[in-house]
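Trainee: Model the following, please.
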Amino acid sequence: MSNIRVRGSIRPKISTMPRNNSQASKQLELYKLVTEEQRIQQELIFMEQRVQQLKQRLSVLDSQRNSIEKAIQDLRNVEPNSPKNTASSEPVVEVSKFQTYYLEY
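Mentor: Numbers count the residues shown, from 1 in each chain. All right, here's what the predicted structure looks like:
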């Protein structure tokens, strides 16, 4: 299993020096906010797609598991055929619908 890292809250990037209070600095701040918002929205879309893929895979695995379990039940319910062994053998011992043959060499 892989380690799942718990993420904390997303913190905004911090500039090393405070900017002057000007129109250009506010435009830059607005640009940063818009690009971060776009990145987060894109990440959410990716995560939703991934969740859908995982749900589909779980559905496939569930149906495969059910079909294999049904096949196992069918094999348990099938009546065994008569033994076709021509070699000298001891009587067949039936344990929960399985046949066991003991061959002497």
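
Trainee: quick one, helices of the protein?
Mentor: Assigned by DSSP state H, the chain shows helices spanning 23-77.

Trainee: I'd like to know which helix or strand in the chain has the lowest mean pLDDT.
Mentor: strand 93-95 (a mean of 48; mean pLDDT, DSSP states H and E).

Trainee: so where is this structure shaky, pLDDT-wise?
Mentor: Screening the chain residue by residue with the criterion pLDDT under 70, one finds the ranges 1-6, 12-16, 79-99, 105.

Trainee: cutoff 90 now
Mentor: Counting by pLDDT under 90, the ranges of the chain that qualify are 1-22, 25, 76-105.

Trainee: Residue 19 is in contact with residue 27, isn't it?
Mentor: No. Taking contacts as Cβ atoms under 8 Å, residue 19 lies outside contact range of residue 27: 10.8 Å. Bear in mind the C-beta positions are built from the backbone N, C-alpha and C, glycine included.
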